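Visitor: structure of the sequence below:
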Amino acid sequence: MNAPRIVIAGAGTAGHHLAAALRESGFDGAVSLIGDEPHLPYNRPPLSKDYLVGTAHPDSLSLRAPAFYTEHKVATHLGVPVKQIDRTTHRVVLADDRALDYDHLVLALGASPRPIDIPGRDLGGVVELRTRADAEALRKYLREGCRVVVVGGGFIGLEVAAAARKRGADVTVLEAMPTLMSRALSATAAAYLAELHTAQGVRVICSTAVSALEGSAGRVHAVTTSGGQRLAADVVVLGIGVVPNVAPAAAAGLDVANGIVVDEYLTTSDPRISAVGDCANFPVPCGDRIRLESIQNAVDQARYVARRIYGHTGTYSAVPYFWSDQFGMKLQIVGRAARSDRAVIRGTATKFSIFRFHGDELAAVESINDPMTHLTVRKILGAGGTLTPDQADDTVDLRALARSLAG
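Guide: Modelled structure (predicted):
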């Protein structure tokens, strides 16, 4: 039998790493990479950081040089979204009506900004940040004295706020929840971020939603909040989260629910189709199902599927971690604190880690300017270990615990 034909729908981080991992493992079948955008795969985290500030060149975003795809025989089909998945004939039809036959299809469709239906949404100067084109459009707006209102106090919203402030903009962050990043962070870490942004001149307003955007001559000039405030604005950045791109999968009859539903092998309800990255809803050992939006998740799932295609039979498992850079502060998170009722803080006022427990079970660790603790905990969890509240104390040598597990 000839080597299987692999079609990857999605040319983001997950799609790229899947194609690269297949070739690195010695896979010699056909590999096709489909992308909505006209660009070869690029690195997205800098879009809300260095690239937005203007200190990163566009070429620095590329995950690999164009020659990589030619030399490794990865056929790229860019600027052409998937129009249809025909599961009967095992064929993917592109927006330009070209068709690609597959033996195995991997959906790495990513996610799109969560839609918001408010008056004035279509005014000029109202932007989102998900793609390179979005970042380029936003960067043109940012200048000294520009009035920027960021709607949403999550990862993207706060990173954009920091970048805009560095460009000399007047910045306000509106967050509908009582604290910043309430779904991801402990109250202690959220308070630290709020104080950091406030000290840098960002106005942070929580428990406040947007009710309308006002404009004239087609351009936004003010934001009206749910509390009746009216904030002048030259630019409004919508950063209220994302939704998984599932339309092609749903139209093909695959199971979808907050993403494309996959099993412990990252296989969909069709055994010839897998899903990875931001669009995949996958099971975790505690019995829950989750969907993660992170570089780690995209890369690890892509590499796992490449191994599985090449014969690996184990189930998917990886320790999740996230990071963010704001005003020179590095926030790193390992684990997933869906629930926590106890916290142990280790470190100093400016360099510390928050160990979050559910009962005596470690759920996540949030590190502020404390990369050594973050990396050590990742090693411990990656080796199958864990920590008790007593072990999270400052007096315990975490590196020694990590070495004992590795040995």
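
Visitor: now do the end-to-end distance for stretch 124-139.
Guide: Taking C-alpha to C-alpha, to the nearest Å, stretch 124-139 runs 14 Å from one end to the other.

Visitor: cool, and stretch 143-155?
Guide: Per C-alpha to C-alpha, the first residue of stretch 143-155 is 22 Å away from its last.

Visitor: now do the residue nearest to residue 390 when sequence neighbours are not counted against residue 387, distance only.
Guide: In space, and not counting its chain neighbours, residue 390 is closest to residue 396: 7.5 Å by C-beta to C-beta, 6 or more residues apart in numbering. Any C-beta I mention is one placed from the backbone N, CA and C, and that applies to glycine too. In this view, residue 396 and residue 387 are 8 Å apart by C-beta to C-beta, to the nearest Å.

Visitor: and these two? Which one has more around it.
Guide: Relative neighbour count places residue 387 above the other of residue 396 and residue 387, with 21 against 14, counting by other C-beta atoms under 10 Å.

Visitor: contacting residues for that one?
Guide: By C-beta atoms under 8 Å, 6 or more residues apart in numbering, the contact list for residue 387 reads 355, 362, 377, 380, 398, 401.

Visitor: so it is in which element?
Guide: Under the criterion DSSP states H and E, no helix or strand holds residue 387.

Visitor: look up how far residue 51 lies from it.
Guide: In terms of C-beta to C-beta, residue 387 sits 36 Å off from residue 51.

Visitor: now residue 283
Guide: 35 Å.

Visitor: also residue 141?
Guide: Distance of residue 141 to residue 51, computed by C-beta to C-beta: 14 Å.

Visitor: enumerate every residue touching residue 26.
Guide: Contacts of residue 26 by C-beta under 8 Å, 6+ apart are residue 310.

Visitor: quick one: residue 377 is in a helix?
Guide: Yes: Residue 377: assigned to a helix according to DSSP: H, G, I helix; E, B strand; the rest coil.

Visitor: okay, it: pLDDT?
Guide: Looking at residue 377, its pLDDT reads 97.

Visitor: just give the nearest non-adjacent residue to it, would you?
Guide: Using C-beta to C-beta, 6+ apart and skipping the chain neighbours, the partner closest in space to residue 377 is residue 365 (4.8 Å).

Visitor: pLDDT on the helix or strand that contains that neighbour, on average?
Guide: Using DSSP H and E, residue 365 maps to strand 361-368. Rounded to a whole number, the mean pLDDT of strand 361-368 is 95.

Visitor: so for that strand, what gets flagged as buried?
Guide: Neighbour-count burial for strand 361-368 flags 362, 363, 364, 365, 366, 367, 368 (criterion: 16 or more other C-beta atoms under 10 Å).

Visitor: same deal with stretch 67-79?
Guide: In stretch 67-79, the ones that count as buried by 16+ other C-beta under 10 Å are 68, 69, 74, 76, 77.

Visitor: ditto for stretch 199-206
Guide: Going by neighbour count (16+ other C-beta under 10 Å), the buried part of stretch 199-206 is 200, 202, 204, 206.

Visitor: what about residue 34, which SS state?
Guide: Quick answer, by three-state DSSP: residue 34 is strand.

Visitor: now it: how far from residue 82?
Guide: Taking C-beta to C-beta, one finds residue 34 at 6 Å from residue 82.

Visitor: send the alpha carbons of stretch 331-347 over as CSV?
Guide: What follows is stretch 331-347, C-alpha atoms only, in CSV (Å, rounded to 0.1, in the frame of the first residue of the first chain):
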residue,chain,number,x,y,z
LEU,A,331,3.5,35.8,33.8
GLN,A,332,3.7,32.0,33.4
ILE,A,333,1.0,29.4,34.3
VAL,A,334,1.3,25.7,34.4
GLY,A,335,-1.7,23.4,34.9
ARG,A,336,-5.4,24.3,34.8
ALA,A,337,-7.2,25.8,37.8
ALA,A,338,-10.8,25.2,36.8
ARG,A,339,-11.4,24.8,40.6
SER,A,340,-9.2,25.9,43.5
ASP,A,341,-10.0,26.7,47.1
ARG,A,342,-6.5,27.1,48.6
ALA,A,343,-3.4,29.0,47.6
VAL,A,344,0.2,29.0,48.8
ILE,A,345,2.4,31.9,47.8
ARG,A,346,6.1,31.4,47.5
GLY,A,347,8.6,34.2,46.9
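
Visitor: give me the mean pLDDT for it.
Guide: 90.

Visitor: next one: stretch 189-205
Guide: Stretch 189-205 shows a mean pLDDT of 97.

Visitor: circling back to that earlier point, how about the buried residues of stretch 199-206 in TSV, adding distance to residue 235?
Guide: Below are those laid out as TSV (distance: C-beta to C-beta, whole Å):
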residue	distance to residue 235
200	18
202	14
204	17
206	21
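
Visitor: turn these into a markdown table, columns for secondary structure and distance to residue 155.
Guide: Listed next are the buried residues of stretch 199-206 as a markdown table, based on DSSP: H, G, I helix; E, B strand; the rest coil; distance: C-beta to C-beta, whole Å:
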| residue | secondary structure | distance to residue 155 |
| --- | --- | --- |
| 200 | coil | 17 |
| 202 | coil | 15 |
| 204 | strand | 15 |
| 206 | coil | 16 |
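
Visitor: between those residues, which sits nearest residue 137?
Guide: Of all the buried residues of stretch 199-206, residue 137 sits closest to residue 202, with 21.5 Å by C-beta to C-beta.

Visitor: can you pull the phi and psi angles for the nearest residue to the closest one once chain neighbours are set aside?
Guide: Among residues not flanking residue 202 along the chain, residue 171 sits closest, at 4.8 Å (C-beta to C-beta, 6+ apart). Per-residue torsions, residue 171: phi -120, psi 130 (degrees, to the nearest 10).

Visitor: right, and residue 171 touches residue 205 too?
Guide: No: in this structure residue 171 lies outside contact range of residue 205 using C-beta atoms under 8 Å: 11.3 Å.

Visitor: what helix or strand is residue 350 on?
Guide: Taking DSSP H and E as the definition, one finds residue 350 inside no helix or strand.

Visitor: do you know how far the nearest residue to it once chain neighbours are set aside is from residue 100?
Guide: Excluding its sequence neighbours, the residue lying closest to residue 350 (C-beta to C-beta, 6+ apart) is residue 369, at 6.3 Å. To residue 100, residue 369 is 47 Å away according to C-beta to C-beta.
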